[in-house]
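1. Structure, please.
(chains A, B and C)
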Amino acid sequence: MRIKKKDIFFETLENMADSLVQAADYFAEQVASLKDIPQFTKTMKDYENQCDTYTHTIITELNKTFITPLERDDIMQLTTKMDDVLDGLEACASRFDMYHLNEPDKYINAFAEILRECAYEIQKAIQLLSQKKLLPIREHSIRLNDLENQGDDIMRKCIKELFATVTDPIELIKRKEIYERLENTTDSCEDVANMLESIIMSNS
Amino acid sequence: MRIKKKDIFFETLENMADSLVQAADYFAEQVASLKDIPQFTKTMKDYENQCDTYTHTIITELNKTFITPLERDDIMQLTTKMDDVLDGLEACASRFDMYHLNEPDKYINAFAEILRECAYEIQKAIQLLSQKKLLPIREHSIRLNDLENQGDDIMRKCIKELFATVTDPIELIKRKEIYERLENTTDSCEDVANMLESIIMSNS
Amino acid sequence: MRIKKKDIFFETLENMADSLVQAADYFAEQVASLKDIPQFTKTMKDYENQCDTYTHTIITELNKTFITPLERDDIMQLTTKMDDVLDGLEACASRFDMYHLNEPDKYINAFAEILRECAYEIQKAIQLLSQKKLLPIREHSIRLNDLENQGDDIMRKCIKELFATVTDPIELIKRKEIYERLENTTDSCEDVANMLESIIMSNS
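-> Got it, this is the predicted structure:
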């Protein structure tokens, strides 16, 4: 009996999605307390580096593999978009350090919860892709679009409150940028969804 | 006699372009007075949602249509770029609400006039595309490039004036961001032009 | 004996890369002194316009050439990414004027040195591409990735210092934006590297 070896591309994409879930979980936990910012930023940087390694594996394999399970360009773009989500989380984490921010903020927590949910949706979608179950992916891409809309709503609400209540301009600059980066990271999750939609489209 | 049914892709792109013209007209009118900001932001959100519906129609049709009048990817990208213009206008409109800004500003009006002209150029180009008159599209894409350059000139002028005259940092942050978002929206119009150029290139 | 005429696409890409090197050299020199900002911004605008002319040549040639030495889309994207680097340098230069900034800053100098090195790496990579020596390009794309990482490190360090030491919010806004634009320009250099990787991938 021959055990079919798992395809290296799907395996690596699944590993990326798993890292993303772990990173988003950890991120949500940490922003709720902001107890140890140096450790927080260091761990997020480790997750980002791990994802870069997976990206590198994909590029190397694309270079030496003749027949790929999806269009080469689709694999590359999906990888890049997932990597963007992790880059976004890491960039937000590093701002707590760069801006010397250590007071938790309910809006940041709300974004972190959305991003945690996004990571789980991406993970489920990638598992389905790996099993070649294309159509059920759509449910998760729709959910990712919903989550991005929620992120947009929170952003508008918190920026409005920020300008109505904060009088220290430097404090305002810090919060505004973190909110915007969090919202951009939900946009990157939606980009993953759109890339998945495009893969469904060209393979069904 | 058989009346040829209009192609659904071109029809939807024309609908998007019409919405864009209406939205840009309305936007220019509203920023000139800023009389009723809640209504302004609500109406712009409606235009944005309408465009999302058109985008959704295009995606659905791409999924079920075997032979498309242009490359699938070209249709998708053109749709996305037009949608970005409307997203940009809507995001600007919402800032007047988020930032509690209700005083008209001559630079914002100048940008709004440029964006209104851009919308008309896009509409004309899409009509030509729909009639398969590819080469005359170039005139409008050149015009869109000119308008983007004008937007860039205004931006540099108004940012320079802002830093020379405004001493309240929070006021400065608000104006700076709205100017930049308006300028980015002219960039999105140029992206539509570049996408049209690319379509002309691969179809002639 | 027939002298082989150089391919117009490679020739133009090499011209762009040469312009980029000249512009990055000049930029590094100027930010070190900031003696004559009107001349600095004007010269940088000239470099940008020159690059736009090269981009236009590439588009025109793509339109009339049937067989191209690389995929049409790869040529177009590589051109666009190189153009983005020059746009980034020019946009930074113009901020010294818009923000009335005339004091040199060690971090800006550090970024300028990185960007100068990036320009040289891009030039070498384009020369190899033009000679169809694809695999040795990788060394330069790896180097561009390293330089982008260095840019990222400087950015985090200087933003941290900025928020720890600068109390004038408008001063902080100015420096923050210039640092970020410089860092984004190193990202654009990395995009050139990634595009080159993608060209190696699909041609070897």
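
2. What mean pLDDT does the helix or strand in which A:R175 is found get?
-> Following DSSP states H and E, one finds A:R175 within helix A:169-203. Helix A:169-203 carries an average pLDDT of 94.

3. and what of stretch A:60-79?
-> The model assigns stretch A:60-79 a mean pLDDT of 88.

4. what helices or strands is the helix holding A:R175 leaning on?
-> helix A:72-98, helix A:106-130, helix A:137-165, helix B:37-64, helix B:72-98, helix B:169-203, helix C:169-203 (3 or more Cβ pairs under 8 Å, 6 or more residues apart in numbering or on different chains; DSSP states H and E). Bear in mind the C-beta positions are built from the backbone N, C-alpha and C, glycine included.

5. I'd like the ones you listed as CSV, with mean neighbour count appended.
-> Rendered in CSV, the data for the helices and strands packed on helix A:169-203 read as follows (neighbours: other Cβ atoms under 10 Å in any protein chain shown):
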stretch, mean neighbour count
helix A:72-98, 21
helix A:106-130, 21
helix A:137-165, 18
helix B:37-64, 16
helix B:72-98, 21
helix B:169-203, 20
helix C:169-203, 20
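
6. Measure how buried A:K35 is and give me the count.
-> Residues within reach of A:K35, counting by other Cβ atoms under 10 Å in any protein chain shown, total 11.

7. And A:T167, by the same measure?
-> With other Cβ under 10 Å as criterion, A:T167 counts 7.

8. List phi and psi for it.
-> Dihedral pair for A:T167: phi -110, psi -20, per degrees, to the nearest 10.

9. which residues does the closest residue to it other than its chain neighbours contact?
-> The shortest distance from A:T167 to any non-neighbouring residue, by Cβ to Cβ, 6 or more residues apart in numbering or on different chains, is to B:I170 (7.7 Å). The neighbourhood of B:I170, defined by Cβ atoms under 8 Å, 6 or more residues apart in numbering or on different chains, consists of A:F163, A:T167, A:P169, A:L172.

10. The first one and C:T167: what is the separation?
-> Taken as Cβ to Cβ, to the nearest Å, the spacing of A:F163 relative to C:T167 amounts to 21 Å.

11. cool, and the third one?
-> The span separating A:P169 from C:T167 equals 10 Å under the rule Cβ to Cβ.

12. before we move on, what about the last one?
-> Applying Cβ to Cβ, the value for A:L172 to C:T167 is 14 Å.

13. for A:V31, same thing?
-> Counting by Cβ to Cβ, the gap from A:V31 to C:T167 is 27 Å.

14. Would you mind listing what in chain A touches chain B?
-> By the rule Cβ under 8 Å from any Cβ of the partner chain, the part of chain A lying against chain B is A:156, A:159-160, A:163-164, A:167, A:169, A:172-173, A:176, A:197-198, A:200-202, A:204.

15. These: which two are farthest apart?
-> A:T167 and A:S204 (54.6 Å; Cβ to Cβ).

16. Could you check which residue of chain A lies nearest chain C?
-> Residue nearest to chain C within chain A: A:P169 (3.9 Å; Cβ to the nearest Cβ).

17. isn't that residue right up against C:P169?
-> Yes. A:P169 lies in contact with C:P169 (Cβ atoms under 8 Å); the separation is 3.9 Å.

18. For the two, list the residues in contact with both.
-> By Cβ under 8 Å, 6+ apart, A:P169 and C:P169 have these common neighbours: B:P169.

19. list the contacts for A:P169?
-> A:P169 makes contacts with B:P169, B:I170, B:I173, C:P169, as judged by Cβ under 8 Å, 6+ apart.

20. I'd like those residues laid out as TSV, including distance to B:P136.
-> As requested, the contacts of A:P169 are arranged in TSV below (distance: Cβ to Cβ, whole Å):
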residue	distance to B:P136
B:P169	49
B:I170	48
B:I173	43
C:P169	50
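
21. Quick one: distance of the helix or strand where A:D18 lies to the chain centre.
-> If you go by DSSP H and E, A:D18 is part of helix A:8-33. Mean C-alpha position of helix A:8-33 versus that of the full chain (Cα atoms, centre = their mean, to the nearest Å) differs by 8 Å.

22. If you compare the directions of it and helix A:106-130, what angle comes out?
-> Using axes from the mean of the first three to the mean of the last three Cα atoms, to 10 degrees, the inter-axis angle of helix A:8-33 relative to helix A:106-130 is 170 degrees.

23. Distance of the residue of chain A closest to chain C relative to B:P169?
-> Taken as Cβ to Cβ, the span from A:P169 to B:P169 is 4 Å.

24. do the same with A:I59
-> Taking Cβ to Cβ as the measure, A:I59 falls 44 Å from B:P169.

25. One more: A:R95?
-> 19 Å.

26. So which residue is smack in the middle of chain A?
-> A:V85 (2.9 Å; Cα atoms, centre = their mean).

27. Let me see the contact set for the closest residue to it other than its chain neighbours.
-> In space, and not counting its chain neighbours, A:V85 is closest to A:S188: 4.7 Å by Cβ to Cβ, 6+ apart. Counting by Cβ under 8 Å, 6+ apart, A:S188 touches A:K81, A:D84, A:V85, A:D87, A:G88.

28. rerun at 10 Å
-> By Cβ atoms under 10 Å, 6 or more residues apart in numbering or on different chains, the residues touching A:S188 are A:K81, A:M82, A:D83, A:D84, A:V85, A:L86, A:D87, A:G88, A:L89, A:L115, A:C118, A:E148.

29. Which members of those are the farthest-apart pair?
-> A:D83 and A:E148 (17.9 Å).

30. Most proximal residue of chain A with respect to chain B?
-> Scanning chain A for the residue nearest chain B gives A:P169, at 3.8 Å (criterion: Cβ to the nearest Cβ).

31. quick one: that residue from A:Y107, how far?
-> Between A:P169 and A:Y107 the computed distance is 19 Å (Cβ to Cβ).

32. One more: A:M201?
-> 35 Å.

33. swap in A:H140?
-> To A:Y107, A:H140 is 25 Å away according to Cβ to Cβ.

34. same thing with A:I178?
-> Using Cβ to Cβ, we find A:I178 at a distance of 9 Å from A:Y107.

35. again, but for A:P69
-> Taken as Cβ to Cβ, the span from A:P69 to A:Y107 is 41 Å.

36. go on, A:T68?
-> According to Cβ to Cβ, A:T68 and A:Y107 sit 42 Å apart.

37. just A:R156 next, same as before
-> Using Cβ to Cβ, A:R156 is found at 11 Å from A:Y107.

38. what do the two both touch?
-> Common contacts of A:R156 and A:Y107 (Cβ under 10 Å, 6+ apart): A:Y179.

39. Which residue is the nearest non-sequential neighbour of A:I178?
-> Of all residues not flanking A:I178 in the chain, A:R95 sits nearest, at 5.3 Å (Cβ to Cβ, 6+ apart).

40. And A:I199, by the same measure?
-> That would be A:D74: by Cβ to Cβ, 6+ apart, it lies 5.1 Å from A:I199.

41. was I right about A:N109 contacting A:V31?
-> Yes. Counting by Cβ atoms under 10 Å, A:N109 does reach A:V31; the two are 6.0 Å apart.

42. Can you tell me which residues in chain A are near chain C?
-> When proximity is defined as Cβ under 10 Å from any Cβ of the partner chain, chain A approaches chain C at A:41, A:52, A:59, A:62-63, A:72-73, A:76, A:80, A:91, A:94-95, A:97-101, A:168-174, A:177.

43. Let's see that with 7 Å instead.
-> Residues of chain A lying near chain C by Cβ under 7 Å from any Cβ of the partner chain: A:I59, A:L62, A:N63, A:S94, A:D97, A:M98, A:Y99, A:H100, A:P169, A:I170, A:I173.

44. who touches the third one in this structure?
-> Think A:N63. Taking Cβ atoms under 7 Å, 6 or more residues apart in numbering or on different chains, we find A:N63 in contact with C:M201.

45. Okay, A:T186 and A:C118: tell me how far apart.
-> According to Cβ to Cβ, A:T186 and A:C118 sit 6 Å apart.

46. ditto for A:P38
-> Distance from A:P38 to A:C118, counting by Cβ to Cβ: 26 Å.

47. And stretch A:95-114, end to end?
-> End-to-end distance for stretch A:95-114, by Cα to Cα, to the nearest Å: 19 Å.
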